[in-house]
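**Student:** sequence? don't have it. structure:
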């Protein structure tokens with residue numbers, strides 16, 4: 001099974017991804033990865049993407065870099081682990097590109113969808129948790145902001161709207177989780193959904 005966690009920066013998705021890994025690791029072999037990154041090539045691309053020295057980066061350059069890092073992650077880590085029968089939990093995947101570069105940067109969505117499939121090698125998550133958190137609450141949780149975290153409130157609002165639309169368009173895969181609650185409440189809801197999914 002391939003599980004992904006999504007949400008705006010500061011939403012709490014990384015905490016929940018980690019909790020999910022801990023929950024599943026009791027009975028399963030689990031790979032915990034993050035996108036972009038996790039591989040030497042992916043980490044090199046990540047350092048370019050998040051560097052505030054590159055504020056002039058073109059939106060399409062950004063899009064292509066994310067797809068390149070994801071391609072390496074899928075081929076080098078995710079697909080081999082799934083092939084062994086393991087569970088993969090990824091902190092972000094291509095839905096982030098749809099939300100950030102599609103809705104946030106306002107690049108053509110048909111271009112985003114096409115490139116997402118190229119970068120993901122046609123791999124689609126089995127289950128995606130979208131942690132929906134108020135943008136001002138999320139912003140307060142961010143410490144030292146990287147290049148993307150430094151974007152303005154309007155950009156973050158567009159990204160959040162993109163995630164809400166994704167949850168509406170793909171309700172079977174994308175589970176919208178209210179992130180304006182305690183970590184434990186959110187974790188309990190996710191565990192309940194996971195147990196039902198794995199029992200299918």
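**Tutor:** Good, I have the coordinates. Not measured: the values here are computed from a predicted model.

**Student:** and the contacts of the least confident helix or strand in the chain by mean pLDDT?
**Tutor:** Counting by mean pLDDT, DSSP states H and E, the chain has its least confident helix or strand at helix 135-141, which shows a mean of 82. With contacts defined as C-beta atoms under 8 Å, 6 or more residues apart in numbering, helix 135-141 is touched by 7-12, 153, 156-157, 160, 179-180. Where you see a C-beta, it was placed from the backbone N, CA and C, and this is true even at glycine.

**Student:** switch the cut-off to 7 Å
**Tutor:** With contact meaning C-beta atoms under 7 Å, 6 or more residues apart in numbering, helix 135-141 is reached by 8-11, 153, 156-157, 160, 180.

**Student:** of those, buried ones?
**Tutor:** Neighbour-count burial (16 or more other C-beta atoms under 10 Å) applied to the contacts of helix 135-141 gives 8-11, 156, 160.

**Student:** what would these look like in TSV with distance to residue 124, pLDDT and secondary structure?
**Tutor:** Converted to TSV, these look like this (distance: C-beta to C-beta, whole Å; pLDDT from 0 to 100; DSSP: H, G, I helix; E, B strand; the rest coil):
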residue	distance to residue 124	pLDDT	secondary structure
8	22	92	coil
9	24	88	coil
10	26	87	coil
11	22	91	coil
156	26	90	helix
160	23	95	helix
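
**Student:** now render the residues you listed as a markdown table, adding distance to residue 77.
**Tutor:** Output for the buried ones among the contacts of helix 135-141, formatted as a markdown table (distance: C-beta to C-beta, whole Å):
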| residue | distance to residue 77 |
| --- | --- |
| 8 | 25 |
| 9 | 23 |
| 10 | 26 |
| 11 | 24 |
| 156 | 29 |
| 160 | 29 |
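
**Student:** tell me which of these is nearest to residue 34?
**Tutor:** Using C-beta to C-beta, residue 9 is the member of those that sits closest to residue 34, with 13.2 Å.

**Student:** ok, the buried ones among the contacts of helix 135-141 vs residue 47, which is closest?
**Tutor:** Here the nearest of the buried ones among the contacts of helix 135-141 to residue 47, counting by C-beta to C-beta, is residue 9; it sits at 17.0 Å.

**Student:** quick one: low-confidence parts of this structure?
**Tutor:** 143-150 (pLDDT under 70).

**Student:** which stretches in it count as helices?
**Tutor:** Counting by DSSP state H, the chain has helices at residues 13-24, 40-49, 59-73, 79-83, 94-97, 109-119, 135-141, 153-169, 183-198.

**Student:** so of those helices, which one's packed in deepest?
**Tutor:** Scoring those by mean neighbour count under mean count of other C-beta atoms under 10 Å gives helix 94-97 as the most buried, with a mean of 26.

**Student:** ok, residue 162 - contacts?
**Tutor:** With C-beta under 7 Å, 6+ apart, residue 162 has these contacts: 98-99, 102-104.
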